[in-house]
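S.K.: have a look at this prediction, sequence included:
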Amino acid sequence: MGKAAGNRWAVLGTVAIMSFMSTLNGSTVNVAMPSIQRELGVAMDSVQLVSTAYLFVMCAVMPVVGALGDRLGKVRFFEAGVLVFTVGSLLCGLTQGLVPLIAARAVQAVGAGFALATNMGIVTEAFPSDERGRALGVVATAVSLGLMCGPTVGGFVVTTAGWHWVFPMSVPFGVLCLVLGRMTLPDDAPAPSDRPFDTPGAVLVAAAVLALTSGLTFVTTHPSPATVALLACGALLLCAFVVRERRCADPLICLDSFRNPAFDVNLATMFASFLAVGMSEYIVPFYLQDARGLDAAAAGLAIMVMPVVSGILGPVAGALSDRVGCGRPTAVGLTVYAAGLAAVAFLGLSTPLWLVVCVLGLASVGVGLFQAPNNSLVMGSVDEGQLGFASSIAALFRTLGMALGVTFGSAVLYGAMGRAAGAPQTSFEAAHPEWFMAGFQAVFWVFAALVAAGAVLTWAVVARDPAQERPGERP
């Protein structure tokens, strides 16, 4: 590619731009959904396909691209992903109907899957183990900045220019990332090999992830025999993939990584934490706007404390883990996060707003302390030849966690609201805010318990293991 080894901090900057761009795109699109629905004249469940199609395609692409990146070079897939994502963003802005928009979002998703499946692997290769935590913390900060800016920027663009312009906003960032990538990213293509590519394995894992993701997404919103069949089909495909990989002489994914308890626990806690993050970002706005009566601008300012705090703490936690090891900061972060979620469950209709912000900030402290060392532990748990695999699996778990957090959080919320009301509930009732508060408190207690279980596992398995203090040290 004509590139030198590159300054590792320049490499980090390029990867961080893509992380910011993809997160900004996702959070701005959520703001634009009501406008898209009104202008296209479609039902709410139809317009949701704009988001769910993106999720399904991206999740199906990630595991395959991660394995390909280990074989053919992660940088080339990252650069291809940025290019495809940028083109997809432009196409989304030019579409005039729901079906073309969904198709363009699928193109975007392919690009995002390529880039996000390889970004952490690129950073891990570029940095020595004693700087990796800080570097991954910077990536976490870029993600937080995208989450922070998205609602404000998206609302302004939709109001002043219309929803079509929400998507092309990503184009300048994509062009910048491509130019910087050509200048800074190293040529990591491995030596030519005659190893056969496991095409059946790739098809099986992509189909399994697609079926399971869509089934888990629809199981609470559209329960039906078809949804159950989709989940069963996904489970069977996943079993077939495992059997295939164990019998294949040159498998797509080395399943032996999952025999490492620390790797499994770190992935499980990553998934649990992002379940809670996805749930919080979905439900807290309803608490502030519907139950407390704040307007969208005031609610947005209150919610902004979450990405701001976690974004500030990302590099700090990463640098700390580089100095003292990753195990204990990860465990402390999960413990604080569980305590913060439990504290949110105590919020009421008359809680002072400053206290609400402080409690949300406490939960975000836990997220900020947890993410960078957790990422470092996951990436350090595999051999250098499997960094693409680890990066893609981590990205898959984060993405699924955020999405399923909304699905499962909504199920718990509406279930508890229905019990309080004595009848099924699927929306906020202005005459009975106490019904919503019953559901709000129940969902935060459930997710606090989930994260607390992850904290206990981390203290027991990871924090006590000396090998996890500085994982993956490589010469």
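M.R.: Here it is on my side, so go on.
S.K.: how far is stretch 406-418 from where the chain is centred?
M.R.: For stretch 406-418, the gap between its own C-alpha mean and the chain's C-alpha mean amounts to 21 Å (C-alpha atoms, centre = their mean, to the nearest Å).
S.K.: so for it, mean pLDDT?
M.R.: In this model, stretch 406-418 has an average pLDDT of 87.
S.K.: can you list the buried residues in it?
M.R.: For stretch 406-418, a neighbour-count test (16 or more other C-beta atoms under 10 Å) marks 406-410, 412-418 as buried. Backbone N, C-alpha and C define where each C-beta goes, glycine included.
S.K.: which ones among the residues you listed map onto helices?
M.R.: 406-410, 412-418 (DSSP state H).
S.K.: what's the local residue count around the closest residue to residue 175 other than its chain neighbours?
M.R.: Distances taken as C-beta to C-beta, 6 or more residues apart in numbering place residue 86 nearest to residue 175, at 6.7 Å, with adjacent residues excluded. Using other C-beta atoms under 10 Å, residue 86 is surrounded by 24 other residues.
S.K.: so residue 86 is in contact with residue 171, correct?
M.R.: Yes - using C-beta atoms under 8 Å, residue 86 is in contact with residue 171, at 5.6 Å.
S.K.: ok, then the element right after the helix or strand of the chain with the lowest mean pLDDT?
M.R.: Counting by mean pLDDT, DSSP states H and E, the weakest-scoring helix or strand in the chain turns out to be helix 44-47, with a mean of 69. Proceeding N to C from helix 44-47, the next assigned helix or strand is helix 49-72, under DSSP states H and E.
S.K.: run the angle between the helix or strand just after that following helix and helix 49-72 for me.
M.R.: Per DSSP H and E, the first helix or strand lying C-terminal to helix 49-72 is helix 74-94. Between helix 74-94 and helix 49-72, the angle comes out at 160 degrees (axes from the mean of the first three to the mean of the last three C-alpha atoms, to 10 degrees).
S.K.: now for the helix or strand following helix 74-94, which elements pack on it?
M.R.: Per DSSP H and E, helix 74-94 leads on to helix 98-116 as the next helix or strand towards the C-terminus. Packing contacts for helix 98-116, counted by 3 or more C-beta pairs under 8 Å, 6 or more residues apart in numbering; DSSP states H and E, involve helix 8-40, helix 49-72, helix 74-94.
S.K.: returning to that earlier point: can you list the buried residues of stretch 406-418 in TSV and add distance to residue 200?
M.R.: Below are those laid out as TSV (distance: C-beta to C-beta, whole Å):
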residue	distance to residue 200
406	33
407	30
408	32
409	36
410	37
412	39
413	41
414	41
415	41
416	45
417	46
418	45
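S.K.: ok, residue 20 - contacts?
M.R.: Taking C-beta atoms under 8 Å, 6 or more residues apart in numbering as the contact definition, residue 20 lies against 142-143, 145-146, 173.
S.K.: let's see 6 Å
M.R.: Residue 20 is in contact with 142, 145-146, counting by C-beta atoms under 6 Å, 6 or more residues apart in numbering.
S.K.: just give the nearest non-adjacent residue to it, would you?
M.R.: Residue 20 sits nearest to residue 142 (C-beta to C-beta, 6+ apart), 4.2 Å away.
S.K.: would you mind measuring from that neighbour to residue 310?
M.R.: Distance, residue 142 to residue 310, using C-beta to C-beta, to the nearest Å: 12 Å.
S.K.: so which of the two has more stuff around it?
M.R.: Neighbours per residue, other C-beta under 10 Å: of residue 142 and residue 310, the larger number sits with residue 310, 29 against 25.
S.K.: right, and that one touches residue 364 too?
M.R.: Yes - between residue 310 and residue 364 there is a contact at 4.7 Å, judged by C-beta atoms under 6 Å.
S.K.: any idea how this structure splits into domains?
M.R.: What automatic domain parsing lists as the domains of the chain is 1-197, 258-475.
S.K.: just for the stretch 101-250 of the chain, where's the confidence low?
M.R.: Within the stretch 101-250 of the chain, the stretches with pLDDT under 70 are 189-194, 220-221.
S.K.: can you list contacts of stretch 361-375?
M.R.: Identification of contacts with stretch 361-375 by C-beta under 6 Å, 6+ apart yields 133, 136-137, 140, 266, 270, 273, 305-306, 309-310, 313-314, 317-318, 321, 326, 329-330, 332-334, 336-337, 340-341, 343.
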